[in-house]
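Student: sequence and computational prediction follow.
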Amino acid sequence: MFTPKYFNVHWYGPYVTEEAGNLTDPNLVLYMICGTHGMYGKNVPLYIGKTIRSITQRLKEHDWINREPDPVQIYAAAISKPFLAWDELKNEYAYPAPENQIIEEIESLIIFAHQPVYNTRSKGGRQSLDHDFVVFNTGRRSTLLPEVSSMYWYG
């Protein structure tokens with residue numbers, strides 16, 4: 001039986017690489033690098049990851065960024081607490097960071113649903129999840145799907 005937890009992943013951006021250094025809010029737990037891909041087009045997700053280390057540090061670890069044909073754009077996101085109705089969130093987007101397991105499962109679901117070119121982990125999906133999820137991508141989400149769920153993508 002599908003009994004999901006609902007989460008809002010609110011995206012901010014886009015930022016150029018130099019501006020991303022100013023993203024120091026510890027509640028921004030995911031980041032996305034968008035750019036041009038010869039087959040998929042412009043401003044598509046190239047990489048999605050967690051910000052365990054700072055976004056600046058993570059960007060330095062992606063040496064492929066300098067080889068991209070066009071400048072990349074950076075997005076960062078906060079994840080809401082689980083909710084059942086939108087009015088529980090009170091239009092707030094400054095969510096405190098959830099526990100790491102939730103971040104990892106949501107990251108994995110978003111990666112599996114979108115298959116970013118430079119992600120290697122999570123593209124095959126997870127064999128099992130501890131929870132059923134419905135994730136809403138809101139805010140400045142670029143070309144991410146507005147909604148993804150573990151039932152649709154892993155079910």
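Tutor: Yes, it's here. Given the structure is predicted, the values throughout are model-derived calculations rather than measurements.
Student: report the central residue of the chain.
Tutor: residue 30 (4.9 Å; CA atoms, centre = their mean).
Student: burial measure for the residue lying closest to that residue once chain neighbours are set aside, as a count.
Tutor: Computed as CB to CB, 6 or more residues apart in numbering, the closest residue to residue 30 that is not its neighbour in sequence is residue 77, at 4.3 Å. All C-beta atoms are positioned from the backbone trio N, CA, C, and that covers glycine. Residue 77 is flanked by 29 other residues according to other CB atoms under 10 Å.
Student: and residue 77, helix, strand or coil?
Tutor: State at residue 77, reduced to three classes by DSSP: H, G, I helix; E, B strand; the rest coil: strand.
Student: was I right about it contacting residue 23?
Tutor: No: checked against CB atoms under 8 Å, the pair residue 77 and residue 23 is beyond contact range at 10.5 Å.
Student: separation between the residue nearest to residue 30 and residue 142?
Tutor: Here the criterion is CB to CB, to the nearest Å. By it, residue 77 lies 11 Å from residue 142.
Student: what is in contact with the two at once?
Tutor: Listed as contacting both residue 77 and residue 142 by CB atoms under 8 Å, 6 or more residues apart in numbering are 11, 32.
Student: flag every buried residue along the helix ranked longest in the chain.
Tutor: Taking DSSP state H as the criterion, the chain has its longest helix at helix 100-114. Neighbour counts over helix 100-114 (16 or more other CB atoms under 10 Å) mark 102, 103, 105, 106, 107, 108, 109, 110, 111, 112, 113, 114 as buried.
Student: all helices of the protein, in order?
Tutor: Taking DSSP H as the criterion, the chain carries its helices at 17-20, 55-61, 100-114, 150-154.
Student: and the shortest one, how far out from the chain's middle?
Tutor: Centre-to-centre, helix 17-20 and its host chain are 17 Å apart (CA atoms, centre = their mean, to the nearest Å).
Student: perfect, that will be all.
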